[in-house]
Every structure is written in C-alpha cells, then in structure tokens.
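[1] Make a model of this:
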Amino acid sequence: MEEKKSNLHVAIAGNIGSGKTTLTGLLSKHYGWESHYEDVDGNPYINDFYAEMQRWSFNMQIYYLNNRFNQVLEIREGKKGVIQDRTIYEDAYIFAPNLHSMGLMTTRDFETYFSLFNLLDKFVQPPDVLVYLRASVPRLVSQIQSRGREYEEAIRLDYLKRLNERYEAWISTYDKGKLLIIDVDNNNFRDDPEDLGAIIRKIDAELHGLF
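    I've put the predicted structure just below:
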C-alpha cells in the first residue's frame, strides 16, 4: 500500500490584492498546517521599490527569489503540511518580465535574474496543488484599498492590468502539477464560511482524489 505523503504543499497564487494572505491563513487554520507568508514587512526594498521602481526593481526581485527559494527548501524538508502565500514561479514568469517590458528593469538585469531563476528551478519541487485566485482589476483595487498599506497607494491600474494578463498567460500553460482556479469576484471566502468550504472541498478532491 502506498504511503501517504505527510508534508503536503498547497500554494496560493494570484495578483496583488487577490486575497492570497487571507486564504493562506484560513486554510492553514482549517488543516492545522504551517503557513508560509510572503515577507512584506521584513522586505528592506519594498518602500524604495514602490517609490522608484526603475532603480530598485532588480534588487527587489533578487530579494524575493532568495526568500522564496529558502521557503521551498524549508517546505521540502518539513514534516507538516504547508500552505504557501505566493510561489517562486510568479516572480519569474509575471513580476520580473512585467518590470522588464515596462522598461523598469534593464535587459541585462532581467537576463541575469532569469538565468539565476532557471538554475534554482532545477531544485524546486512544485506544490501538490496550486490554487490560483482569479480577480478582476476593480476587485483587486477594492481589496488593496481596504487593507490600507501605505506603499501600495502608488500602484497604478495599468500595472495591475498588466499583471493580470501575465497571470492568465502563465496559468493557461501551467503544467507542473494540479491546478485549481477560484473566481474571487464570485467567492467571498474571507467572510462567507460556505464559500470557504467550497474551496476546501475542491482542494481535498485534488489532494486525495475524492470526486
């Protein structure tokens, strides 16, 4: 009989303001698993980046790459299940290329960044299930405003729209493992236990093959 994997890994992907952190917290509480959050408060570049993106984009992306690669190693070595807020793939396939295409990261810096990502990716184990939170730009804006982070006040609508387009392109070709897409515009998991329950049932079905 096949032994069940004890350290299951569910990753939450989605644009800024899609509800990744909230869902990570709710799922880790439900499953009794560890939560791995994106290091926002401890990020030494984030305020500088939003104030002067062109100057700090490379530093910011290298910081996140290092941070998330460490997370991946911790998850692989751990014994408990993990809910992860944002993946290493999103930095490489969405945020860094977007900064490059907007002229906010030089080609030289982008190529250096991406060659480092490709090297690290050889050691990355993908999540057992990737949950993608799909949200419209108005929904993202509403949720960003409601949490009131000062450095996010400078985020422009066209920036969120570009990121959304890149998320959709990435998700349409994602082939590293099981994928679950949640339409955040029609699912209020933050406040509605029934909506959260629907997500949990879908994750259980992907993890354990319950149909």
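[2] contacts and neighbour counts: CA atoms only from here.
    OK.
[3] Report the spatially nearest residue to Thr107, omitting neighbours in sequence.
    His100 (6.7 Å; CA to CA, 6 or more residues apart in numbering).
[4] all strands for this protein, in order.
    9-14, 34-36, 82-85, 129-134, 178-183 (DSSP state E).
[5] follow-up on the earlier one: for the residue nearest to Thr107, grab the count of nearby residues.
    Neighbour count for His100, taken as other CA atoms under 10 Å: 19.
[6] Isn't it up against Arg108?
    No: using CA atoms under 8 Å, His100 makes no contact with Arg108, being 9.8 Å away.
[7] dump the residue contacts of Asp128.
    Taking CA atoms under 8 Å, 6 or more residues apart in numbering as the contact definition, Asp128 lies against 8-10, 177-178, 207.
[8] neighbour-wise, which of those leads?
    Counting neighbours by other CA under 10 Å, Val10 comes out on top of these with 25 neighbours.
[9] hang on, that one packs against Val131?
    Yes: in this structure, Val10 is within contact of Val131 by CA under 8 Å, at 7.3 Å.
[10] any idea of the mean pLDDT for the lengthiest helix in the chain?
    Longest helix in the chain, counting residues (DSSP state H): helix 53-77. Across helix 53-77, pLDDT averages out at 93.
[11] what distance separates it from the middle of the whole chain?
    Taking CA atoms, centre = their mean, to the nearest Å, one finds helix 53-77 lying 12 Å from the centre of the chain it belongs to.
[12] what angle sits between it and strand 9-14?
    Interaxial angle, helix 53-77 versus strand 9-14 (axes from the mean of the first three to the mean of the last three CA atoms, to 10 degrees): 160 degrees.
[13] Tell me the helices and strands packed up against helix 53-77.
    Counting contacts by 3 or more CA pairs under 8 Å, 6 or more residues apart in numbering; DSSP states H and E, helix 53-77 packs against helix 46-51, helix 88-90, helix 107-121.
[14] Tell me which of those is the most buried.
    helix 88-90 (a mean of 19; mean count of other CA atoms under 10 Å).
[15] Tell me where this structure is predicted with low confidence.
    By pLDDT under 70, the low-scoring segments of the chain are 1-5, 148-155, 210-211.
[16] Which phi and psi values does the residue most central in space within the chain adopt?
    By CA atoms, centre = their mean, the chain has its centre lying nearest to Arg86, at 2.0 Å. Backbone torsions of Arg86, given as degrees, to the nearest 10, read phi 70, psi 150.
[17] I figured it hits Ser18, correct?
    No: in this structure Arg86 lies outside contact range of Ser18 using CA under 8 Å: 10.9 Å.
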